[in-house]
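Visitor: coords please:
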Amino acid sequence: MADTSDTRTPAQIEAAIRRRREVLAETLDEIGVRVHPKTIVGDAKAKVVANVDHTVGRAYVQVNRVVSELRGQFVDEEGAPRPERVVPAALVVVGVVGLLALASRRRRG
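Guide: Take a look at the predicted model:
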């Protein structure tokens, strides 16, 4: 048979109950904050921002890599331009811009 006697005084029991109520009130407050719509929306926004930041960071790294590779095609190790590659690329750009200008004039005229 189990011993069900309690050796605590009524004051000790009341103090224990008071502590339990305080802990329970704190727990309920925390739960209230967690399930509040503003908290849920804030958490969702934070996750979206974190994902966007991560995606933007990865895109930046990719773009930086492509620009570095492209720059390497037109600049030598000392940083001087490579005329044998810059001149043909510039001519292509000028040609494309010229064709676009002609096409634009034909549409207007």
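Visitor: May I have the phi/psi pair for residue 75?
Guide: The phi and psi torsions at residue 75 (degrees, to the nearest 10) take the values phi -130, psi 140.
Visitor: That one and residue 63, how far apart?
Guide: 18 Å (CB to CB, to the nearest Å). (C-beta placed from N, C-alpha, C; glycine too.)
Visitor: buried ones in the one helix or strand residue 106 maps to?
Guide: Element membership of residue 106, judged by DSSP states H and E, is helix 83-108. Using 16 or more other CB atoms under 10 Å as the test for burial, helix 83-108 gives no buried residues.
Visitor: so what does it touch, helix or strand wise?
Guide: If you count contacts as 3 or more CB pairs under 8 Å, 6 or more residues apart in numbering; DSSP states H and E, helix 83-108 packs onto helix 37-74.
Visitor: so what's residue 73 up against?
Guide: Residue 73 sits next to 82, 85 when contact means CB atoms under 8 Å, 6 or more residues apart in numbering.
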